[in-house]
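Asker: pasting a predicted model and its sequence here:
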Amino acid sequence: MASLLPHILIVDDDTRIRELLKRYLTDHQFFITTAKNAAEALAILTYIHVDLLIVDVMMPGETGIEMTRKLRQTSGIPVLMLTAMGETEHRIAGLESGADDYLAKPFEPRELLLRLERILQRSMNAQSTSSPSSIVRLGSLQFDREKTILIKNDTAIPLTLVEAKLLTTLMQHKGKAVSREKLAELLGGVNERSIDVQIIRLRSKIEEDPKRPALLRTVRGEGYVLYP
């Protein structure tokens, strides 16, 4: 019988960390599957459904960033990235690859739990607010809010949970500038500095020329505005 608990896939080459996280999250009502590297994780995802991935950045072979970038070609499943590197450029690299959030090691287990709950809550909210008429026009594109994908020339372009929520939020304020602070608040407490990274990623998917955006523009001193 399928588990009704949120299913999380932990991807980390450190056996001790995998087992510690598995034990802790199992005790907090999560169903856990583990993988020791990116190749094993991607293989698992071909035959089981998971609700969220916890991915370590530094793994032998394919890194967590490379794995997430590959995953984003076909899936918008939420990803929380673990990294021992606290430098801004590494955090940005993780977000640019498509991660929804990141957590620097060492971390408090309670903080990990709160971040997981926040990401899963955003995912549930996105699903519960979808309507029968979930497809919205966006220039020459179509945005399916329920499936969190863009449709361009009959080709599906997957969006991450944060990208889909960001696009939906901007559409709700179409024609009006929304500040980074307000966007971070509306997205459920996303780090303000990550908003710029998510905007760049979103532009790469919706704009004909991301360097000269026509749909998603910057208003100096005010924030971002969507002209669908």
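Answerer: Received the coordinates, thanks.
Asker: next, L82: secondary structure please.
Answerer: strand (DSSP: H, G, I helix; E, B strand; the rest coil).
Asker: excluding chain neighbours, what is closest to it?
Answerer: With sequence-adjacent residues excluded and distances taken as Cβ to Cβ, 6 or more residues apart in numbering, L82 is closest to D56, at 4.8 Å. C-beta coordinates here come from the backbone N, C-alpha and C atoms, glycine included.
Asker: likewise for S75?
Answerer: Excluding the flanking residues, the one nearest S75 by Cβ to Cβ, 6+ apart is P158, at 5.7 Å.
Asker: picking up where we left off before, give me the phi and psi angles of the residue nearest to L82.
Answerer: Phi and psi for D56, reported as degrees, to the nearest 10, are phi -80, psi 140.
Asker: OK, contacts around it?
Answerer: Contacts here follow Cβ atoms under 8 Å, 6 or more residues apart in numbering; on that basis D56 touches V11, D12, D13, D14, I17, G64, M81, L82, T83.
Asker: do L186 as well
Answerer: Applying Cβ under 8 Å, 6+ apart, we find L186 in contact with T169, V178.
Asker: rerun that using 10 Å as the cut-off
Answerer: K165, L166, T168, T169, L170, Q172, H173, V178 (Cβ atoms under 10 Å, 6 or more residues apart in numbering).
Asker: buried among the contacts of D56? Make that a ChimeraX selection.
Answerer: In ChimeraX syntax, the buried subset of the contacts of D56 is picked out as below (16 or more other Cβ atoms under 10 Å):
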select :11,12,13,17,64,81,82,83
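Asker: quick revisit: select only the buried ones of the contacts of L186 in ChimeraX?
Answerer: Remark: buried members of the contacts of L186, expressed as a ChimeraX selection using 16+ other Cβ under 10 Å:
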select :165,166,168,169,170,173,178
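Asker: could you export the contacts of L186 as JSON lines, including secondary structure?
Answerer: Below are these laid out as JSON lines (three-state DSSP):
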{"residue": "K165", "secondary structure": "helix"}
{"residue": "L166", "secondary structure": "helix"}
{"residue": "T168", "secondary structure": "helix"}
{"residue": "T169", "secondary structure": "helix"}
{"residue": "L170", "secondary structure": "helix"}
{"residue": "Q172", "secondary structure": "helix"}
{"residue": "H173", "secondary structure": "coil"}
{"residue": "V178", "secondary structure": "strand"}
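Asker: quickly name whichever of the contacts of L186 is closest to P213.
Answerer: L170 (12.0 Å; Cβ to Cβ).
Asker: ok, for that closest one, nearest residue in space, not its chain neighbours?
Answerer: L226 (3.9 Å).
Asker: phi, psi for the one you found please.
Answerer: phi -110, psi 130.
Asker: swap in H7?
Answerer: Dihedral angles (degrees, to the nearest 10) for H7: phi -100, psi 120.
Asker: mind pulling up the pLDDT for R16?
Answerer: The per-residue pLDDT reported for R16 equals 94.
Asker: number of nearby residues for it?
Answerer: Counted with other Cβ atoms under 10 Å, the neighbours of R16 add up to 8.
Asker: phi, psi of it?
Answerer: Dihedral pair for R16: phi -60, psi -40, per degrees, to the nearest 10.
Asker: just checking, M59 touches V11?
Answerer: Yes: the criterion here is Cβ atoms under 10 Å, and M59 meets it with V11 at 7.4 Å.
Asker: kindly point out which residues are neighbours of both of those two.
Answerer: With contacts defined as Cβ under 10 Å, 6+ apart, the residues shared by M59 and V11 are A35, K36, N37, A38, A41, M67.
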